[in-house]
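# Dropping a prediction and its sequence here:
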Amino acid sequence: MSTADPVHDVLEPRDVLLGRTTHVRRLLPHKVRRTVGAWCFLDHYGPDDIKEVGGMWVPPHPHTGLQTVTWLFEGLGRHTDSLGSDQLIRPGQLNVMTAGHGICHAEVSPDDAPQHLHGVQLWVALPDEHRDSAPTDFTHLAELPTFTDGGAQVTVMVGSLAGHTSPAPAYSPLVGAELRLDPGATITLPVESGWEHAVLAVDRPLRVEDAPLERHRLSHLGQGRSTLTVEAPEGGIALLLGGEPFGEQMVMWWNFIGRSHEEIVEQREAWNGSGVDDVPERFGQVLGFDGPRLLAPPLPNTRLKAR
Ligand code: MN
């Protein structure tokens, strides 16, 4: 489906159960619009009372061909991976892991985490020249560029916005930003007209480009806009995503991104090996995790198709 013109497609989340108790609202990929630039995956979760639902507990699992981007609105998270990283993350900070050829990681709520957990898990598809690189990069950014305008505080997570540039590693032209809006705030941001953009209403209803957007929904705005206006009558948080349309064929399955059915089969076999006690050479292992790694489920009986 072409996104060459401005649109205003409101995408509804679908409920997905992760692990035993964690429910997330999945907004990308979506049957109406698969991607926003190279942003190809968006799960929004919480705010959850972790004393009731048990906190985050995602055992070691692999990734290929993508970057994971982790952002919290509330709470505390702990990331460990096969590069040896062990990193706490708090609201206002960013974790970016570049998977390339293969990496694995785990994400849990530490024992001393505060009561509420609220955040997003995003993936960025890597273009061909970077998708098979050796996995060498995990980046934690404790501070990011911020600015205030029109009653909003803007934090630039990835890329550039209004002259403010994040140092996060990126391999295609894209932007990601958090907007914290006071009640009655209206902010107009300059954006690239050749890029696709989308806005998530995180916790309150917003108006985006003069149209209402209920909370927990994503407005896909297509291309062809040189400014973006977000209004927050009640205040609230917005997540802005944008990027150059990602033109490469992509096959997404489980935690893998490849270019063909055969690549995914190969990645799945390399991860699962002969069982949970194997240490898969391609992906390494998360040291110090108290529990087994997550094996990939069976493939469907039909061939996986490119999006
Ligand atoms: Mn992951």
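Looks like it came in fine. Residues are numbered from 1 along each chain as shown.

# any residues touching stretch 60-68, and which ones?
With contacts defined as C-beta atoms under 8 Å, 6 or more residues apart in numbering, stretch 60-68 is touched by 40-41, 82, 95-106, 121-126, 131-132, 169, 171, 255-258, 267, 271, 280, 283, 285-286, 289, 293-294, 296. All C-beta spots, glycine's among them, are computed from the backbone N, C-alpha and C.

# Please, where are all the helices along the stretch 151-300 of the chain?
For the stretch 151-300 of the chain, the helices defined by DSSP state H, counting those that start in this stretch occupy 261-272.

# Tell me where the model's unsure across it.
For the stretch 151-300 of the chain, no stretch is flagged by pLDDT under 70.

# Just the buried residues out of the contacts of stretch 60-68, in PyMOL syntax.
Filtering the contacts of stretch 60-68 down to the buried ones (16 or more other C-beta atoms under 10 Å) takes a single PyMOL command:
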select buried, resi 40+41+82+95+96+97+98+99+100+102+103+104+105+106+121+122+123+124+125+126+131+169+171+255+256+257+258+267+271+280+283+286+293+294+296
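
# Can I get the helix or strand hosting residue 120 as PDB, trimmed to CA atoms?
Assigned by DSSP states H and E, residue 120 falls within strand 116-125. Output of strand 116-125 as PDB, limited to C-alpha atoms (Å, rounded to 0.1, in the frame of the first residue of the first chain):
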ATOM      1  CA  HIS A 116       4.700   0.600  37.800                       C
ATOM      2  CA  LEU A 117       6.200  -0.400  34.500                       C
ATOM      3  CA  HIS A 118       5.200   1.400  31.300                       C
ATOM      4  CA  GLY A 119       7.200   1.500  28.100                       C
ATOM      5  CA  VAL A 120       7.600   0.500  24.400                       C
ATOM      6  CA  GLN A 121       9.700  -2.000  22.600                       C
ATOM      7  CA  LEU A 122      10.600  -1.100  19.100                       C
ATOM      8  CA  TRP A 123      12.600  -2.700  16.300                       C
ATOM      9  CA  VAL A 124      14.300  -0.900  13.400                       C
ATOM     10  CA  ALA A 125      14.900  -3.000  10.200                       C
END
